[in-house]
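1. no FASTA, just this:
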Ligand SMILES: [Zn+2]
């Protein structure tokens, strides 16, 4: 059953103590203003130099705990966020990934360590958010073994079961009105522009009654495997998303 009207989840990616202070502040204002219960995709031990936007915020972990206590869901966003592996992932959106192609043992260790770090900060990580959407079957096995049964990814319009875990799809990177379905809008906390925040505010002012949380989604839906029709829908949506990447890649190749 595809819910009607549409419901929206927000997901904030690349959270770590060096997140851009100014941009993340604007995101937090939005969370507070609309009492959102977003997914917080937190990097347990960031080593990605591209994510060193501000000096480490001593209040970062306090903020995460406060947001979780108000209903946000803590997501495990990789381990070091270093996407140095080049391998095929289940979705295949990007060529480089932190997890896809890494041995099962190492993935399990990284996930175990990541969970341990987040828990040591008093958080309860519940959902996997792969850096660059990069993960494979070994990742799903490691997540199951570590007791994580939720993944934020995929292009269907409803949560579904695949590989022994529940996928809560993430299909949007900006607000968009949809007639039906559950839509996760991913916002990159380090790069979100003022105009994007303004667009989100306008959208949320009109649709705040349709904003939901992971808890509500899980209460309302008993995920099953996707119907053939929804699999086809998801596969077309994924191809549409991949197309601009493929075009950019072939242009680069043509130039080189
Ligand atoms: Zn990321």
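-> Done, it's in. Here the structure is a predicted model, which means the values were calculated and not measured.

2. What's the local residue count around residue 55?
-> Look at residue 55: counted by other Cβ atoms under 10 Å, it has 9 neighbours. Glycine gets a C-beta too; all of them are placed from N, C-alpha and C.

3. now swap in residue 89 and tell me
-> Neighbours of residue 89 (other Cβ under 10 Å): 23.

4. does it count as helix, strand or coil?
-> Three-state assignment for residue 89 (DSSP: H, G, I helix; E, B strand; the rest coil): coil.

5. swap in residue 186?
-> Going by three-state DSSP: residue 186 is strand.

6. right, and it touches residue 175 too?
-> No: when contacts are counted by Cβ atoms under 8 Å, residue 186 is not listed as touching residue 175 (11.1 Å).

7. what do the two both touch?
-> Between them, residue 186 and residue 175 share no contacting residue under Cβ atoms under 8 Å, 6 or more residues apart in numbering.

8. And stretch 1-10, what's buried?
-> 3, 6, 7, 8, 9, 10 (16 or more other Cβ atoms under 10 Å).

9. Please identify which helix or strand holds the closest residue to residue 124 other than its chain neighbours.
-> Nearest non-adjacent residue to residue 124, counting by Cβ to Cβ, 6 or more residues apart in numbering: residue 74, 6.0 Å away. Here residue 74 sits within strand 73-76, counting by DSSP states H and E.

10. Does the helix or strand just after that strand pack against any helices or strands, and if so which?
-> Downstream of strand 73-76, the next assigned helix or strand under DSSP H and E is strand 85-86. In this structure, strand 85-86 packs against strand 96-97, with contacts taken as 3 or more Cβ pairs under 8 Å, 6 or more residues apart in numbering; DSSP states H and E.

11. Could you say which helix or strand holds the residue nearest to residue 133 when sequence neighbours are not counted?
-> Nearest residue to residue 133, sequence neighbours excluded (Cβ to Cβ, 6+ apart): residue 93, at 4.4 Å. Using DSSP H and E, residue 93 sits within no helix or strand.

12. Could you do residue 111 as well?
-> Judged by DSSP H and E, residue 111 forms part of helix 104-120.

13. how about the residues of this structure near the ion?
-> Residues of the chain lying close to the ion (Cβ under 5 Å from the ion) are 13, 14, 131.

14. re the thing from before, now the strand holding residue 74: average pLDDT?
-> Averaging the model's pLDDT scores along strand 73-76 yields 98.

15. Tell me which other helices or strands it touches.
-> If contacts are counted by 3+ Cβ pairs under 8 Å, 6+ apart, strand 73-76 sits against strand 39-42, helix 104-120, strand 125-128.

16. all helices of the stretch 101-250 of the chain, in order?
-> 104-120, 137-145, 194-207, 214-220, 228-255 (DSSP state H, counting those that start in this stretch).

17. Packing partners of the shortest one?
-> Counting by 3+ Cβ pairs under 8 Å, 6+ apart, the packing neighbours recorded for helix 214-220 are strand 7-15, strand 165-168.

18. how about a markdown table for the helices and strands packed on strand 73-76, with mean neighbour count and distance to residue 238 added?
-> Shown next, in a markdown table, are the helices and strands packed on strand 73-76 (neighbours: other Cβ atoms under 10 Å; distance: least, Cβ to Cβ, whole Å):
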| stretch | mean neighbour count | distance to residue 238 |
| --- | --- | --- |
| strand 39-42 | 27 | 20 |
| helix 104-120 | 17 | 23 |
| strand 125-128 | 24 | 18 |
